[in-house]
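Trainee: Could you look at this predicted model? Sequence included:
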Amino acid sequence: MIIIKTKEEIEILREGGKRLAGVLYKLKDMVKPGVSTKDLDLYAEKLIREMGDTPAFLNYRPAGATTAFPASLCVSVNDEVVHGIPNKKKFLKEGDIVSLDLGLRHKGLFTDMAITIGVGKVNSASQKIMDITERALQVGIDAAHGGNTVGDIGYAVESFVRVQKAKYGIVEVLSGHGVGRAIHEDPYVPNFGKAGRGEKLFPGMVVAIEPMLNMGTKDVTIDEDGYTFRTADGKKSAHFEHTILITEGKPEILTKI
Ligand code: MG
């Protein structure tokens, strides 16, 4: 069921999104060679709790999962696409790219955001896939006008990615989603598709758009931990996400400072 948020809910989501973006940008400054992925997670949790809010992913059990997610932050390094589990023995290295994906609950309502960051100095192919993925997210947001459909978002993202010189794989088995009263709500927001198809976007809907691009195949595998998605060919992957409010015209990015 698609939920249209009330004015009061939108105000709360706006504040939650601002807080979430603030936390992620602080984490960004902490990304350096030698930092463990668990250090990032603990810092995220600390910052969220200090504001009186709740980390949305900690102990969250998605439909079909046998265990709850054991951390506040998803930390996905290099060939890990999304949902990497932080580990105190896993340290970031110069040249890695790392996706930080975080959900926050503020006054009962959820926002969701992700960024991918280079660790120290990264090679040009790594920088490029991060840049293109971030731009693909913006292209998707630009297509998310009220009256358009989720297919228009997917079509815009896919068309943009297909004209790049590098032949990136667009992950298809994972998608963006509605968000707000729950961390995952209807509709699905795929990063590929046909213009005009799928659920219509109405003002007051809140959705997370989150393209995931791979340097090679679009195919992914899932680790034995039941959470970590990684590229089937071991090549790197990048991921960016914003929570946005659908309006009559240009959408409003909620996860911004
Ligand atoms: Mg999400």
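Mentor: All right, it came through fine.

Trainee: A helix includes residue 208, no?
Mentor: No: using DSSP: H, G, I helix; E, B strand; the rest coil, the assignment for residue 208 is strand, not a helix.

Trainee: give the contact list for it.
Mentor: Residues in contact with residue 208 (Cβ atoms under 8 Å, 6 or more residues apart in numbering) are 112-113, 176-179, 189, 241-244. Placement of C-beta: from N, CA and C, glycine included.

Trainee: what do you get if the cut-off is 10 Å, keeping everything else the same?
Mentor: 103, 110-114, 175-180, 183-185, 189, 241-244, 254-255 (Cβ atoms under 10 Å, 6 or more residues apart in numbering).

Trainee: Residue of the stretch 151-257 of the chain nearest the ion, please.
Mentor: With Cβ to the ion as the measure, residue 208 is the residue of the stretch 151-257 of the chain nearest to the ion, at 4.3 Å.

Trainee: Check that residue and give its pLDDT.
Mentor: We note a pLDDT of 98 for residue 208 in this prediction.

Trainee: How about residue 172?
Mentor: Predicted confidence (pLDDT) for residue 172: 98.

Trainee: swap in the one 4 residues further on?
Mentor: With respect to pLDDT, residue 176 has a value of 98.

Trainee: Chain neighbours aside, what residue packs nearest to it?
Mentor: residue 189 (3.3 Å; Cβ to Cβ, 6 or more residues apart in numbering).

Trainee: what about residue 158, which helix or strand?
Mentor: helix 150-162 (DSSP states H and E).

Trainee: next one: the following helix or strand past that helix to chain centre, how far?
Mentor: With elements assigned by DSSP H and E, the helix or strand that comes after helix 150-162 is strand 169-170. Distance of strand 169-170 from its chain centroid, counting by Cα atoms, centre = their mean, to the nearest Å, is 15 Å.

Trainee: same for strand 169-170, what does it pack against?
Mentor: Strand 169-170 makes packing contacts with helix 150-162, strand 212-214 when contacts are defined by 3 or more Cβ pairs under 10 Å, 6 or more residues apart in numbering; DSSP states H and E.

Trainee: who does it pair up with?
Mentor: strand 212-214 (antiparallel) (DSSP bridges).

Trainee: Which strands and helices lie in contact with the lengthiest helix in the chain?
Mentor: Across the chain, the longest stretch assigned as helix under DSSP state H is helix 7-30. Applying 3+ Cβ pairs under 10 Å, 6+ apart, we find helix 7-30 packed against helix 37-50, strand 73-77, strand 97-106, strand 109-118, strand 206-209, strand 242-245, strand 252-253.
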